[in-house]
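Asks: show me how the following folds:
(one chain, ligands or ions: 1)
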Amino acid sequence: MVDYRVDNQFTVLEINNPPVNALSSDVTIGLYDGILKALQDDSVQAVIIIGKGKVFCAGADITAFSKSIKGLGITDVGHAIESSSKPVISAVYGVALGGGLEIALFCHYRISDKKAKFGFPEVQLGLLPGAEGTIRLPRLTGLPVAMEIITSGRQLSAQEAVKYGIIDKIVENDLLQEAKTFATSIIGKPLDSLRLRTKKVKNADLVDKYYDDALKEVKRKSKGLIAPVSCLKTIRGSAKLPYDTAAQLERSLFTELITSSQSAALRYSFFAERSAAKWRLPNGARSANTKPGSVVSAAVIGAGTMGSGIAVCLLRAGIPVILVEQNEKLLKAAQTNIDQIFRGSVQLGKMTLEKRQECLRMLQGTAQLEKVKDVDIVIEAIFENLKLKQEVFAKLDKICKPTAFLCSNTSTLDIDKIASATSRPDKVAGTHFFAPAHIMRLLENVYGSKTSPETVATVMELGRKIGKISVLSKTCDGFIANRMNKIGVEAVYLVEEGASPYNIDQIMEDFGMSMGLDVGWRIRQEQAKALGVNLTAETKYLNAERYCSLPDKLYELGRNGIKTGRGWYRYDPANPRKPIPDLDVLDIIQTHCQNLGIQRREITAQEVIERCLYATINEGFKILEENVAEKPSDIDVIWQYGFAFPRYRGGPMFYASQVGLRKVFERICYYHATFPYSKHWLPSDLLRKLASSTDEIPINQWMNNWSSKL
Ligand code: 3HC
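Replies: Predicted structure coming up:
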């Protein structure tokens, strides 16, 4: 785990724990023993700590957190390093993050190559740097910079790290060789002033002001999160308390955080995101043993908002795009729209002018479908209509080379039906982007019964290449994302039964969800339209399902949301992002209920949460039962990135595991008995099975308890 070697007058301690040199207990023991051994070896004048492989060290081993929360041992190693009578130099390339940076801060000197990155990402895991990082960083950078770095969790470039005094030097050539040269230059120099514990915190008397300012910022940016506030408290401690007392405070707050449900959810989310890329198909094919096809050119069919956004994603990743629209006028509008997106990126400093020009050069607009004959992949983004899509796919099948992958951006339609219009159903898949496609990170890739593993691997790899978080879904009506979302449906029923739409939104917002009734309403409108049934204000049931006509009423009154200035809310054109509650809507609801003889009642916040989320969770379990999603964490990733579910709650499935499956199941059964005309309350078999276990089954073992009917 740590390779020890003596090289002339140096001991080189090389951390060797692939893939990211995390500080497992073997690594900390290796470092500790290595320092002691070097101190005992009279031939050794200095110690160099370096990482083997691509990085220096990514910090504490996150996988070990749930197993044991006892001392990580990083501080023990750190104290041994700091008190060493021989200089210790950390040589960083790749990253020094979290505990990795803390180890570096215990060293007397730090050097790095020019591409190295530094940071304390603990806050993103609901933690704080728990090995004296919050006490040592302010001693180097000053309080305001330390507060910003630690509460944001962002990565700093080597250049920034030098500027703030975090590292001593950036080197150009071979890192180990440079470290030895550097070490030679400092051998024999006094070490006292280099031990950070002896340094004073600059402007310590101003700490309360810095703290108040930073707290305001943190509360604005990270609403609902506890870790950033704890970070600030320990940084304040670093200025107000003697070193060891501040370290004690840091330790106690770290222990509090690591046992918090927020940190459990954030750590789960870290791994959930990575495991989404590791897919497995019902036929046994897996990401690990499937090679993606090559994609060096693409076509996008349909240059509306979605098509243009998709083209932007591809172009940014260096993939030339042929954009197809029906006529020159629409094409021109799309090209202008795409250029506006690039201009916006340039203005925000996210793209260089050269890159914008390069992207525009790679974009070719055409009204002739035949032009796509040589591309490797086609993404269709036309109107959501099966017949139309089948027509386009049949044409594409004839035009495109046999190896080309044909994908649809459909958000609900059956991939098998689309694929059936072609002679290559194995090469057809869904690539469901979320609007706005150039901003939203989620890509829901969908496979049909004939989609080949190679095609799945190709769309998953394409997602990675264009910077998306890709999640795989089996085809079904609405796939994982849209099928599962029952929030809008239940919210409307709650309004009909007695809740105010504004209360519902507020309750969901307090829960951490920034989407509210408004989004649900739009989804409901689409569903009503798709049913193609003549609805009236009196319609209470549809297809033996409960139906609420309130959204239709609002729609008929021209209350169509932001674009018409009115919906469930009023919208001030000068500030459309701030919806204003509308008394007229409350009157409309009142009249609707009177006409239908509905007795309105008091509805609690608890009921709002349960009705909106448990209905959604129940559908999530059905999605697992049917193998539409392979694992619960895939569903949670979709909710975090597609519907802004708060990461610190993990996602609906993780939330259910935290509430307890028995409780969730009982409430679902209760609502099923109360609302027999809502199919989504019919309890899932998988949930029933898991809830009947005497012990709560951990989320990562749910699927082991389900005998799939593949
Ligand atoms: N512990 C355990 N495993 C880790 C890890 C860690 N700290 N960091 C990354 N990994 C694992 C990932 O899960 C992944 O495993 P997999 O291959 O089985 O999926 C593998 O290492 C590679 O990671 P990525 O896929 O993320 O690879 P990238 O090259 O894209 O990114 C990285 C590398 C920048 C290091 C990124 O993984 C990262 O940001 N890691 C988290 C770093 C972090 O949060 N450190 C703080 C830990 S808490 C701490 O140190 C507490 C201390 O203050 C006491």
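Asks: name the next helix or strand downstream of the helix or strand hosting Leu472, please.
Replies: In this structure, Leu472 sits in strand 469-474 according to DSSP states H and E. Proceeding N to C from strand 469-474, the next assigned helix or strand is helix 479-484, under DSSP H and E.
Asks: and that next one, how far out from the chain middle?
Replies: Put simply, helix 479-484 sits 18 Å off its chain's centre (CA atoms, centre = their mean, to the nearest Å).
Asks: average pLDDT across whatever helix or strand comes next after that helix?
Replies: Reading on from helix 479-484 to the C-terminus, the next helix or strand found by DSSP H and E is helix 487-497. Throughout helix 487-497, pLDDT has a mean value of 93.
Asks: which strands and helices lie in contact with helix 487-497?
Replies: helix 501-511, helix 517-531, helix 550-556, helix 583-596, helix 605-609, helix 615-625 (3 or more CB pairs under 8 Å, 6 or more residues apart in numbering; DSSP states H and E). C-beta: built from backbone N, CA, C; applies to glycine.
Asks: what helices or strands is the helix or strand following the third one leaning on?
Replies: Think helix 550-556. Once helix 550-556 ends, the next helix or strand along the chain (criterion: DSSP H and E) is strand 569-570. For strand 569-570, the packing partners by 3+ CB pairs under 8 Å, 6+ apart come out as strand 580-581.
Asks: now with 10 Å?
Replies: Of the remaining helices and strands, those touching strand 569-570 by 3 or more CB pairs under 10 Å, 6 or more residues apart in numbering; DSSP states H and E are helix 501-511, strand 580-581, helix 583-596.
Asks: hey, which of those is tucked in deepest?
Replies: Using mean count of other CB atoms under 10 Å, the stretch among the helices and strands packed on strand 569-570 with the largest mean neighbour count is helix 501-511, at a mean of 19.
Asks: then that helix to PDB, C-alphas only?
Replies: Provided in PDB are the C-alpha atoms of helix 501-511 (Å, rounded to 0.1, in the frame of the first residue of the first chain):
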ATOM      1  CA  PRO A 501     -51.400  25.000  -4.500                       C
ATOM      2  CA  TYR A 502     -49.100  27.500  -2.900                       C
ATOM      3  CA  ASN A 503     -48.800  25.500   0.300                       C
ATOM      4  CA  ILE A 504     -48.000  22.400  -1.600                       C
ATOM      5  CA  ASP A 505     -45.200  24.200  -3.500                       C
ATOM      6  CA  GLN A 506     -43.900  25.600  -0.200                       C
ATOM      7  CA  ILE A 507     -43.900  22.200   1.500                       C
ATOM      8  CA  MET A 508     -42.100  20.500  -1.400                       C
ATOM      9  CA  GLU A 509     -39.600  23.400  -1.400                       C
ATOM     10  CA  ASP A 510     -39.000  23.000   2.300                       C
ATOM     11  CA  PHE A 511     -38.300  19.400   1.600                       C
END
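Asks: angle of it against helix 583-596?
Replies: Put simply, helix 501-511 runs at 110 degrees to helix 583-596, going by axes from the mean of the first three to the mean of the last three CA atoms, to 10 degrees.
Asks: pLDDT of helix 501-511, averaged?
Replies: Mean pLDDT, helix 501-511: 93.
Asks: tell me where the stretch 351-500 of the chain has strands.
Replies: Counting by DSSP state E, counting those that start in this stretch, residue ranges of the strands within the stretch 351-500 of the chain are 363-366, 377-380, 405-408, 428-433, 442-447, 469-474.
Asks: who in this protein is up against the ligand?
Replies: 19-20, 22, 58-63, 72, 74, 95, 97-99, 102, 121-122, 125, 127, 129-131, 133, 271, 274 (CB under 6 Å from any ligand atom).
Asks: among the residues you listed, which lie within strands?
Replies: Among the residues of the chain next to the ligand, DSSP state E puts Val95, Leu97 in strands.
Asks: re earlier: now the helices and strands packed on helix 487-497 as TSV including distance to Gln347?
Replies: What follows is the helices and strands packed on helix 487-497, written out as TSV (distance: least, CB to CB, whole Å):
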stretch	distance to Gln347
helix 501-511	30
helix 517-531	28
helix 550-556	37
helix 583-596	38
helix 605-609	40
helix 615-625	38
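Asks: least reliable of those helices going by mean pLDDT?
Replies: Looking at those, the bottom one is helix 517-531 with a mean of 53.
Asks: which is the next helix or strand following that helix?
Replies: That would be, after helix 517-531 and using DSSP H and E, strand 541-542.
Asks: so how far is that following strand from its chain's centroid?
Replies: For strand 541-542, the distance to the chain centre is 38 Å (CA atoms, centre = their mean).
Asks: just checking: what are the partner strands of that strand?
Replies: Strand 541-542 sits in its sheet next to strand 545-546 (antiparallel), going by DSSP bridges.
Asks: residues in contact with the strand it pairs with: which ones?
Replies: 489, 492-493, 496, 531, 540, 675-681 (CB atoms under 10 Å, 6 or more residues apart in numbering).
Asks: what mean pLDDT does that strand have?
Replies: 84.
Asks: who are the contact partners of Lys553?
Replies: Going by CB under 10 Å, 6+ apart, Lys553 touches Ala537, Arg559, Ile588, Ile589, Thr591, His592.
Asks: and the gap between it and Ile603?
Replies: Distance of Lys553 to Ile603, given as CB to CB, to the nearest Å: 20 Å.
Asks: residue of the stretch 501-650 of the chain nearest the ligand, please.
Replies: Relative to the ligand, the nearest point of the stretch 501-650 of the chain is Ser633 (12.0 Å; CB to the nearest ligand atom).
Asks: leaving out chain neighbours, which residue sits closest to Gln124?
Replies: In this structure, Gln124 finds its nearest non-sequential neighbour in Gly153, 4.5 Å apart by CB to CB, 6 or more residues apart in numbering.
Asks: how much space between the one you found and Leu443?
Replies: Going from Gly153 to Leu443 by CB to CB gives 24 Å.
Asks: residue ranges with poor pLDDT in the protein?
Replies: 66-72, 515-535, 707-710 (pLDDT under 70).
Asks: show me where the stretch 151-300 of the chain has its helices.
Replies: Under the criterion DSSP state H, counting those that start in this stretch, helices of the stretch 151-300 of the chain are mapped to 158-163, 175-186, 207-221, 227-240, 243-258, 261-276.
Asks: could you dump the ones you listed to a markdown table with mean neighbour count?
Replies: Formatted as a markdown table, these follow (neighbours: other CB atoms under 10 Å):
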| stretch | mean neighbour count |
| --- | --- |
| helix 158-163 | 18 |
| helix 175-186 | 17 |
| helix 207-221 | 15 |
| helix 227-240 | 23 |
| helix 243-258 | 18 |
| helix 261-276 | 20 |
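Asks: which residues does the residue nearest to Gln124 contact?
Replies: Contacts for Gly153 were tallied using CB under 10 Å, 6+ apart; they are 97-98, 119-125, 127, 129, 222, 227-228, 231.
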